[in-house]
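Visitor: Predicted model follows, preceded by the sequence.
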Amino acid sequence: MKYIERWALMRSSRPENLSEHSLEVALIAHMLCVIANVRHGCALDSERAALVALYHDASEIITGDLPTPVKYHDGQIHDAYKAVEASAEERLLETLPADLRPAFEDVFWPTADADADELYLRRLVKAADKISALIKCVDEARSGNAEFASAEKTCRASVEEASYELPEVADFVREFLPSYGATLDELL
């Protein structure tokens, strides 16, 4: 994962690899679940959310990072890419010993009988992924990189849309997003 560069079609002031991104998504997903549990009456497994987030883009080890505008250009491309991702995930799982594979299948894919909490947790992981993308765009803008301006608008709209359905996303954006990009001196 450390060799897969994200945002490959854009000039970045600081490159970001898939390992860094996955860790950030895991930290954000964990916090979103904690917020959901503490403030919104949920009983989500925040540690599981972090684990699911750590593996959420593992298929990109094989596929590389397909840029979002390409991935979502139209339904046909999106469906085809989803199939490619599923095939890559299957290929990764096939590298595991047979007795260990079920533990990881459960991380990669929700089971057919997944309960509402599991499905909600996975929605929060997707929201964390969107927040992470927004953070990258904000960091690039603060570094004077105008190339991320359009991506920032798109990411901000996506996070805003998620915050209407997921109150913990709104809480995170309001309380934590402003501190991203601040120096340690400013934070303390």
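Guide: Cool, the structure landed. Residues are numbered from 1 along each chain as shown.

Visitor: Going by C-alpha atoms from here, please, whenever you check contacts or count neighbours.
Guide: Noted.

Visitor: Which helix or strand contains Leu54?
Guide: In this assignment (DSSP states H and E), Leu54 forms part of helix 46-55.

Visitor: Distance from that helix to the middle of the chain?
Guide: Distance of helix 46-55 from the chain centroid (CA atoms, centre = their mean, to the nearest Å) equals 10 Å.

Visitor: Against which helices or strands is that helix packed?
Guide: helix 18-39, helix 101-108, helix 116-142 (3 or more CA pairs under 8 Å, 6 or more residues apart in numbering; DSSP states H and E).

Visitor: any idea of the mean pLDDT in the last one?
Guide: Regarding helix 116-142, the rounded mean pLDDT is 95.

Visitor: which one of the helices and strands packed on helix 46-55 lies closest to Ser87?
Guide: helix 101-108 (11.9 Å; CA to CA).

Visitor: pLDDT on that closest one, on average?
Guide: The model assigns helix 101-108 a mean pLDDT of 93.

Visitor: got it, and stretch 168-188?
Guide: 90.

Visitor: export the helices and strands packed on helix 46-55 to CSV and tack on distance to Thr95 and mean neighbour count?
Guide: Converted to CSV, the helices and strands packed on helix 46-55 look like this (distance: least, CA to CA, whole Å; neighbours: other CA atoms under 10 Å):
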stretch, distance to Thr95, mean neighbour count
helix 18-39, 19, 22
helix 101-108, 9, 14
helix 116-142, 24, 21
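
Visitor: a markdown table for those, including distance to Lys82?
Guide: A markdown table is the format used below for the helices and strands packed on helix 46-55 (distance: least, CA to CA, whole Å):
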| stretch | distance to Lys82 |
| --- | --- |
| helix 18-39 | 18 |
| helix 101-108 | 13 |
| helix 116-142 | 15 |
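
Visitor: For Leu9, which of those helices is the nearest?
Guide: Shortest distance between Leu9 and those, using CA to CA, is found for helix 116-142: 13.7 Å.

Visitor: got the contact list for His40?
Guide: Applying CA atoms under 8 Å, 6 or more residues apart in numbering, we find His40 in contact with Pro167, Glu168.
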